[in-house]
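**Q** Pasting the sequence and the predicted model now:
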Amino acid sequence: MAKMGGGPKYPNQQLRSVSFETFFSGTLGAFGAMANVQQSLRGHLPDLYVPNVQPGEPAALRPFQLRDRNHTRSLALAVNQVTYIAFGYPGFEEFIGEAMPIVSQCLTAFGVTELTRVGFRYENELAIGRDPKGTLDALGRAFPNVTPQVFRGRSCRLMDSAVEVDWADAKVSGTEGFRVQVEGAPPSEVVRVHVYASTDGVAVADLSKAAGTTHLRAVGLFESLISEDFRKFLGETGNDERTSDAE
């Protein structure tokens, strides 16, 4: 059996955040439970951030966030969601050791026993410059196995995009995906690359198993998409103060 934290370690991983996500059928009881959760976690996650809502967005589905003083951890709470986020990833075993008790506490407070979706997400933040023609060919060289008919052998003028596929493993199935967002304007653009995996229809009692499964799916997807040169770059040390283990 694969070890849950058995992914490769990348000292130069360009991570912005790692998230353990749980979703469930919306419950209005979540609003009252949030106050109790906030009180119980005040010593660990004292800062409250309220969501910004754009016109047309359902306000109840936008999460409140409880964060620690140094903004290295965040707990996102909505009527249909509990998500634990690390902005300084310590590796899977330590991360899930922090996340699981808190997420489980919240789900119990919300009265949730069945989850519609459980997921694990890596958000990478890459500083990739455009060439004089406005292309982002470096992205294609780092992730050559994403829709090869688009990247391989062609110039990439990237706009926000996403690719999702279904997966099945024994009796478990779900979705895994790759999403790219470009923020800012040249020369200060930042490319955010999300790699994630999720599984549907999970009992809260099976949450730990679902966390391990989706983590390994997300790590496996990332490994299958990157080039050998990018893998070597991620294995280098001393390049970036924000680097973390990839597992």
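**A** Happy to help now that I have it.

**Q** So which residues of the chain form strands?
**A** In the chain, the segments counted as strands under DSSP state E are 15-23, 47-49, 64-67, 73-78, 81-86, 114-126, 161-169, 172-183, 190-203.

**Q** can you put those strands in a markdown table and add distance to residue 236, mean neighbour count and mean pLDDT?
**A** Every C-beta, even on glycine, is put in place using the N, C-alpha and C of the backbone. Shown next, in a markdown table, are the strands of the chain (distance: least, Cβ to Cβ, whole Å; neighbours: other Cβ atoms under 10 Å; pLDDT from 0 to 100):
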| stretch | distance to residue 236 | mean neighbour count | mean pLDDT |
| --- | --- | --- | --- |
| strand 15-23 | 15 | 22 | 96 |
| strand 47-49 | 34 | 13 | 96 |
| strand 64-67 | 30 | 19 | 96 |
| strand 73-78 | 27 | 21 | 97 |
| strand 81-86 | 22 | 22 | 98 |
| strand 114-126 | 15 | 20 | 95 |
| strand 161-169 | 28 | 11 | 86 |
| strand 172-183 | 23 | 17 | 88 |
| strand 190-203 | 18 | 20 | 93 |
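
**Q** nearest to residue 101, of the ones you listed?
**A** strand 81-86 (9.8 Å; Cβ to Cβ).

**Q** rewinding a little: got CSV for the strands of the chain, with distance to residue 231 too?
**A** Formatted as CSV, the strands of the chain follow (distance: least, Cβ to Cβ, whole Å):
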stretch, distance to residue 231
strand 15-23, 15
strand 47-49, 35
strand 64-67, 32
strand 73-78, 28
strand 81-86, 22
strand 114-126, 13
strand 161-169, 20
strand 172-183, 16
strand 190-203, 14
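
**Q** got the CA positions of stretch 101-112 in PDB?
**A** Provided in PDB are the C-alpha atoms of stretch 101-112 (Å, rounded to 0.1, in the frame of the first residue of the first chain):
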ATOM      1  CA  PRO A 101      -9.000  17.500  13.400                       C
ATOM      2  CA  ILE A 102     -10.100  21.000  12.400                       C
ATOM      3  CA  VAL A 103     -12.100  20.000   9.400                       C
ATOM      4  CA  SER A 104     -13.700  17.100  11.300                       C
ATOM      5  CA  GLN A 105     -14.600  19.500  14.200                       C
ATOM      6  CA  CYS A 106     -16.300  21.900  11.700                       C
ATOM      7  CA  LEU A 107     -18.200  19.100  10.000                       C
ATOM      8  CA  THR A 108     -19.500  17.800  13.300                       C
ATOM      9  CA  ALA A 109     -20.500  21.400  14.400                       C
ATOM     10  CA  PHE A 110     -22.300  21.800  11.000                       C
ATOM     11  CA  GLY A 111     -24.100  18.500  11.500                       C
ATOM     12  CA  VAL A 112     -22.700  17.000   8.300                       C
END
